[in-house]
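Undergrad: return a 3D structure for these sequence lines:
(chains A and B)
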Amino acid sequence: MGMILAELTKLRRSALWIMAVVLPLLAVITGTVNYGANEEALSSGWASYWSQVVIFYGMLFMSMGIAVMASAAWRMEHRGHNWNLLMATPARAFAILGAKLVSLALMVVVMQLVLLLMVVLSGKLVLGLDGWLPWHSTAAALLGVVAALPVVALQSLLSMLVRSFAAPVALGLLGCVAGAGVLYSGVGGVIAHVVPQALVSRSLSLGSTAVSDAGAIDPSTTSAVVFAAVSVTLVLWTLAATVLSRGDVR
Amino acid sequence: MDDIITTHHLTKTYGSRTVVDDLDLRVPRGCVYGFLGPNGSGKSTTMKMLLSLARPSRGEITVFGQPMNRDTRPRLLREIGSLIEAPPGYAHLTGRENMAIVQRMLGLSDQQVSRAVATVRLQEHMGKLVRAYSLGMKQRLGIAMALARDPRLLILDEPTNGLDPAGIEEIRELLVSLAENGITVMVSSHLLDEIDRMASVLGILGQGRLIFQGTRSELFARSTPDLIVDTPEPERALALGIPAVREGGGVRLSGLDDEDTAALVRRLVGGDVPVHGVRRVQQSLEEVFMDLTGREGLL
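TA: Residues are numbered from 1 along each chain as shown, chains lettered A, B, ... in the order given. Just a heads-up that it's a prediction; the model follows:
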């Protein structure tokens, strides 16, 4: 717990918070503009509007936001000889990385809450939609937090290994391209669940009206997403801990 | 006196390059151990291995009588404070927040943190962002971070780097007082004078190898004092081709044992050089050090 609290302290006055607000905001703006411009064709109200918001958010913004946040979080350690401080604590590598993952996951929770809040505000105040955001959209947003864990673990691993800020982000972008390719080429199955960025896209698009084969958000799809997310995260976390505990501090 | 740190054949190689070579260190309990060597001689790498921040290629490390390995590391590091290469710190946070990070990582009490901050006299600056700190303040914060866990052993790598003379004096007094209170301090430097004034035991590293380890007096015992020949005619002495330099009212020669000295005097007298006196003078620590390290670039 102490390591997690230490990580959360590092987030004070951090630019990461800006990312956690700006990226969902961008998604909501693009979704609102798209919906507003095509209101006649998009007749399903909240469901159509939500689909417009999450189609690019799930495919690009969310994963890229995590990539930037992970790079920024590890940059704090790469700079100023903080690796020596971190690794000279009695904590084991698994705990050190776990604390970093938890702090990044909390940022993802904030991103999703901002997304939901902005979607509701924009839907009501800008688009004047009747009723409320359907429950399955809220569920998809929250499932997105779990689905994002492998992206958090992957980007954390890359940012831990590479001192450059931009390189892990660029690799994250490649991951987004690969994820979109996997999802829209209809490969599906296991691959769609083990490519981290594809899993984010898939979970956020559950119940979407913008993706023809999105699938519904039901116990079967939800448990598949959760199982895949937890499994891939554990593999990446263990890999990172192994690398960290066996290597020299640079 | 028992040893807090011992190493046996400690070696670190990167590819074909050996950075630390077959080191057998012995750091006695409760002393200030001065770890001295030119830049690039392997001091930081050695200290990193002692802290398990780098894996030895060969050899063993024992700290507090226990082997340092993956299993014992968490337990041993609870009692070792360190500052390696440069002071750590999160520049976007205040000194207080940086100390809070250390407190949370190590599960320390408020009193431990306050005591460490007070020890380095940084209380007035704890509300400032670390990016606004001077180098001296960053060094003191780094030492406070190392001290907060109430360590039995402190490993400090060049803690006075970049400090002004007053800051160096302050750190020196602090380390000596810590040792007087029972904390073993291992401190590295490439600045001889700095180490000489605080360390009771010296370890001298040259090109990755330990070339001397012991007390100051043991170090001097290994060196041959210089010889001063007092003569009103030093030019005449030098004209004989002896390996000497002019100094005051005579000439100075290095590295002559008793037999060489007798031979020199015979030669001077034979050459009609008036010899008024012959005396030994102790080399400075710097000269001894330079001889030991093969005159590698020492600042």
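
Undergrad: got any ranges where chain A has weak pLDDT?
TA: Low-confidence segments of chain A, defined by pLDDT under 70: A:188, A:207-214.

Undergrad: can you list contacts of stretch B:115-133?
TA: B:89-96, B:98-99, B:137-138, B:140-141, B:143-145, B:147-148, B:170, B:174 (C-beta atoms under 8 Å, 6 or more residues apart in numbering or on different chains). C-beta: built from backbone N, CA, C; applies to glycine.

Undergrad: try it again at 7 Å.
TA: By C-beta atoms under 7 Å, 6 or more residues apart in numbering or on different chains, the residues outside stretch B:115-133 that reach it are B:89-96, B:98-99, B:137-138, B:140-141, B:143-144, B:147-148, B:174.

Undergrad: just the buried subset of those, written out for PyMOL, thanks.
TA: Here is the PyMOL selection string for the buried members of the contacts of stretch B:115-133, based on 16 or more other C-beta atoms under 10 Å in any protein chain shown:
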select buried, chain B and resi 89+90+92+93+94+95+96+98+99+137+138+140+141+143+144+147+148+174
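
Undergrad: filter the contacts of stretch B:115-133 down to the ones close to chain A.
TA: When contact is defined as C-beta under 7 Å from any C-beta of the partner chain, the contacts of stretch B:115-133 meet chain A at B:89-93.

Undergrad: which parts of the stretch 51-200 of chain B sit against chain A?
TA: So the stretch 51-200 of chain B meets chain A at B:51, B:53-55, B:70, B:74, B:77-78, B:82, B:84-86, B:88-93, B:97, B:100-101, B:104-107, B:145 (C-beta under 7 Å from any C-beta).

Undergrad: 6 Å instead, please
TA: When proximity is defined as C-beta under 6 Å from any C-beta of the partner chain, the stretch 51-200 of chain B approaches chain A at B:51, B:53-54, B:74, B:77-78, B:82, B:84-86, B:88-90, B:92, B:97, B:100-101, B:104-105, B:107.

Undergrad: can you pull out the helices in chain A?
TA: A:2-10, A:16-37, A:46-56, A:62-78, A:82-87, A:93-121, A:135-147, A:149-161, A:166-184, A:189-194, A:196-205, A:219-246 (DSSP state H).

Undergrad: what's the angle between the first one and helix A:16-37?
TA: Looking back up the chat, that one is helix A:2-10. Counting by axes from the mean of the first three to the mean of the last three C-alpha atoms, to 10 degrees, helix A:2-10 lies at 70 degrees to helix A:16-37.

Undergrad: which positions in helix A:2-10 come out as buried?
TA: Buried residues in helix A:2-10, counted by 16+ other C-beta under 10 Å: A:2-4, A:6-7, A:9-10.

Undergrad: using CSV, list the CA coordinates for that helix.
TA: Extracted C-alpha coordinates of helix A:2-10, given in CSV (Å, rounded to 0.1, in the frame of the first residue of the first chain):
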residue,chain,number,x,y,z
GLY,A,2,2.9,2.3,0.8
MET,A,3,4.3,2.0,-2.6
ILE,A,4,1.0,2.8,-4.2
LEU,A,5,0.6,5.9,-2.0
ALA,A,6,4.1,6.9,-3.0
GLU,A,7,3.2,6.6,-6.7
LEU,A,8,0.1,8.7,-6.1
THR,A,9,2.1,11.4,-4.4
LYS,A,10,4.3,11.6,-7.6
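
Undergrad: what's the pLDDT at the nearest residue to residue B:163 once chain neighbours are set aside?
TA: The shortest distance from residue B:163 to any residue other than its chain neighbours is 5.1 Å, reached at residue B:136 (C-beta to C-beta, 6 or more residues apart in numbering or on different chains). Listed pLDDT for residue B:136 reads 86.

Undergrad: would you check that residue B:136 makes contact with residue B:167?
TA: Yes. Here residue B:136 reaches residue B:167: they are 4.3 Å apart, a contact under C-beta atoms under 6 Å.

Undergrad: okay, now the residue nearest to residue B:163: neighbour count?
TA: Counted with other C-beta atoms under 10 Å in any protein chain shown, residues neighbouring residue B:136 total 18.

Undergrad: now residue 160: closest residue in space that isn't a chain neighbour?
TA: The chain I'm using is chain A. Nearest-residue entry for residue A:160: residue A:74, 5.4 Å, with adjacent residues in sequence omitted and distances by C-beta to C-beta, 6+ apart.

Undergrad: switch to chain B, that's the one I care about
TA: Setting aside the residues directly before and after it, residue B:160 is nearest to residue B:168 in space (C-beta to C-beta, 6+ apart), at 4.5 Å.

Undergrad: buried sites along the helix or strand containing the one you found?
TA: Per DSSP states H and E, residue B:168 falls inside helix B:165-180. Buried residues in helix B:165-180, defined by neighbour count with 16+ other C-beta under 10 Å: B:167-168, B:170-172, B:174-176, B:178-179.

Undergrad: what lines up beside the next helix or strand after that helix in the sheet?
TA: Per DSSP H and E, the first helix or strand lying C-terminal to helix B:165-180 is strand B:184-189. Applying DSSP bridges to the sheet, strand B:184-189 is found paired with strand B:32-36 (parallel), strand B:153-157 (parallel).

Undergrad: how far is strand B:184-189 from where the chain is centred?
TA: Distance of strand B:184-189 from the chain centroid (C-alpha atoms, centre = their mean, to the nearest Å) equals 6 Å.

Undergrad: ok, now which ones touch residue 153?
TA: In the absence of a named chain, this looks at chain A. Applying C-beta atoms under 6 Å, 6 or more residues apart in numbering or on different chains, we find residue A:153 in contact with A:233, A:236-237.

Undergrad: hmm, no, I was thinking of chain B.
TA: B:4, B:80, B:184.

Undergrad: which of these sits closest to residue A:98?
TA: Checking these against residue A:98 with C-beta to C-beta, the nearest one is residue B:80 at 23.1 Å.

Undergrad: bridging residues for the closest residue to the closest one other than its chain neighbours?
TA: Among residues not flanking residue B:80 along the chain, residue B:153 sits closest, at 4.8 Å (C-beta to C-beta, 6+ apart). Residue B:153 has these beta-bridge partners by DSSP bridges: residue B:80, residue B:184.

Undergrad: close to chain B: what parts of chain A are there?
TA: So chain A meets chain B at A:2-3, A:5-6, A:9-10, A:13, A:76, A:80-82, A:84-85, A:87-90, A:248-249 (C-beta under 6 Å from any C-beta).

Undergrad: so the residue nearest to residue B:160 sits against residue B:159, correct?
TA: No. With contact defined as C-beta under 6 Å, residue B:168 does not reach residue B:159; the gap is 9.3 Å.

Undergrad: can you count the residues close to residue 75?
TA: Here I'm looking at chain A. Close neighbours of residue A:75, defined as other C-beta under 10 Å, add up to 16.

Undergrad: that's the wrong chain, I meant chain B
TA: Considering only other C-beta under 10 Å, residue B:75 is surrounded by 11 other residues.

Undergrad: what about stretch A:100-108, distance to the chain center?
TA: Its chain's C-alpha centre and that of stretch A:100-108 lie 10 Å apart, by C-alpha atoms, centre = their mean.

Undergrad: in the stretch 51-200 of chain B, which spans are strands?
TA: Ranges of strands within the stretch 51-200 of chain B are B:58-63, B:66-67, B:80-83, B:153-157, B:184-189, based on DSSP state E, counting those that start in this stretch.

Undergrad: quick one: contacts of the second one?
TA: By C-beta under 6 Å, 6+ apart, the residues outside strand B:66-67 that reach it are residue B:72.
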